[in-house]
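Asker: Predicted model and sequence below, questions to follow.
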Amino acid sequence: MLYYFPLSLLWKAFHKKDSCVCREIVRRAGIPYEVQHNLTTADAPQTIYYVRETFRKLEEQGVTCKVNYPVYKGGRVTMWTLIPMKKFPPTRLQRYCCQVLKEVTCRDRFITTGVRWAESVKRKNNRGVYENFTANPEKKIILNNDNDDNRRLFESCALKGKRICNPIVDWTDRDVWEYIRSERLPMNPLYDMGFFRVGCIGCPLAGKNRWKEFALFPTYRHAYTKAFGRMLEVIHRNGGKTRWRTAEDVFSWWMEDFQVEGQMSLTDFEEWRSGNED
């Protein structure tokens, strides 16, 4: 590996339990590695504090740590500025936020992920595979943290010029938690708060659990609502029309897991149609 990729192994998304296990395995193997964290701007405060503390400990051990700030169309963005730019909310079927905030780094690197086959069944049943579903299947994009059954121990991505290693791809949930407990690995405190998945607050993949997230972190609900309000302003200023009247209307639609008569769909958005339909 080091012959073809002389730079050290790159580690990402280390604030999740699977990644924590993989990082410990890499450390014990004696492979030089560095750590990067993509600042999505929608992580829970506990995650941010965990990242800071982990960075501090790793840097004391001589490990290179870096925070990546998202850039879109040549400028810095956040989740809250990206939504008005895209002109439609992120959904299960169109998670542009993942592509912009999490998947734009690591070119020409050998990276490691905590992808596991055991999680794909849960996520597929919940329509939760990390993919960019489009009207044209040929435009489908699989992101590097996708827990699909097709994932293998070693993968390559010619488009982004990188190689991916999934060292615990065949581990079960029980394997992961037994390793964490036996090795006493420090974990993101969100798991002790009852969170099964750790990611962006309000992620559509969380389904009904988003109500719990917004109850615990009401500031994020307010941030999404403000972003939806600015999104409506942009749409209407450019002559567009929507069935929503207020930002709260958008939020209510966004939190639903099913379509009802009169609701808007992705095909109502010019931005989505232009990028996904022939």
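Answerer: Looks like it arrived, so ask away.

Asker: C-alpha only now, for contacts and for neighbours.
Answerer: Fine.

Asker: got a list of what residue 228 touches?
Answerer: 83-84, 89, 247, 250-251 (CA atoms under 8 Å, 6 or more residues apart in numbering).

Asker: would you list those residues in CSV and tack on secondary structure?
Answerer: Compiled in CSV, the contacts of residue 228 are given as follows (DSSP: H, G, I helix; E, B strand; the rest coil):
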residue, secondary structure
83, helix
84, helix
89, coil
247, helix
250, helix
251, helix
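
Asker: Can you pick out the most distant pair from those residues?
Answerer: Taking CA to CA as the measure, these span a maximum distance of 13.7 Å, between 84 and 251.

Asker: follow-up on the earlier one: tell me the one among the contacts of residue 228 nearest to residue 35.
Answerer: residue 83 (27.9 Å).

Asker: Would you check that the closest one makes contact with residue 229?
Answerer: No - with contact defined as CA atoms under 8 Å, residue 83 does not count as touching residue 229 (9.8 Å).

Asker: ok, and what's touching the helix or strand containing residue 98?
Answerer: Using DSSP states H and E, residue 98 maps to helix 96-101. Identification of contacts with helix 96-101 by CA under 8 Å, 6+ apart yields 38-40, 69-72, 78-79, 82, 90, 132, 143.

Asker: if we look at stretch 246-253, which residues are touching it?
Answerer: 224-226, 228-229, 232, 244, 263.

Asker: and these, which two are the farthest apart?
Answerer: Going by CA to CA, the pair spanning these furthest: 226 and 263, at 20.4 Å.

Asker: The two: which has the busier surroundings?
Answerer: Higher neighbour count among residue 226 and residue 263: residue 226, with 18 against 11, using other CA atoms under 10 Å.

Asker: check contacts around the more buried one.
Answerer: Counting by CA under 8 Å, 6+ apart, the residues that residue 226 touches are 80, 247.

Asker: quick one: pLDDT of it?
Answerer: Reading off the confidence values, residue 226 has pLDDT 98.

Asker: cool, and residue 47?
Answerer: pLDDT at residue 47 comes out at 96.

Asker: what's the answer for residue 181, then?
Answerer: The predicted local confidence for residue 181 is 96.

Asker: re earlier: closest to residue 196 among the contacts of helix 96-101?
Answerer: residue 40 (19.3 Å).

Asker: and that closest one, that's in a strand?
Answerer: No - under three-state DSSP, residue 40 sits outside any strand and is assigned coil.

Asker: Which residues does the host helix or strand of residue 56 contact?
Answerer: Secondary structure assignment for residue 56, by DSSP H and E: helix 45-60. Contact partners of helix 45-60, identified using CA under 8 Å, 6+ apart, comprise 15, 37, 64-65, 188-190.

Asker: Buried ones from the residues you listed, can you make that a ChimeraX selection?
Answerer: A single ChimeraX command is used to select the members of the contacts of helix 45-60 judged buried by 16 or more other CA atoms under 10 Å:
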select :15,37,64,65,188,190
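
Asker: Residue 98 - how many residues pack around it?
Answerer: 20.

Asker: roughly how far out does the longest helix along the chain sit from the chain middle?
Answerer: Ranked by residue count and defined by DSSP state H, the top helix of the chain is helix 218-237. Averaging C-alpha positions (CA atoms, centre = their mean, to the nearest Å) puts helix 218-237 20 Å from its chain's average.

Asker: Now that helix: buried residues?
Answerer: 220-221, 224-235.

Asker: what's the pLDDT at the residue nearest in space to the middle of the chain?
Answerer: Centroid-nearest residue in the chain: residue 98, 4.8 Å away (criterion: CA atoms, centre = their mean). Here, the pLDDT recorded for residue 98 equals 90.
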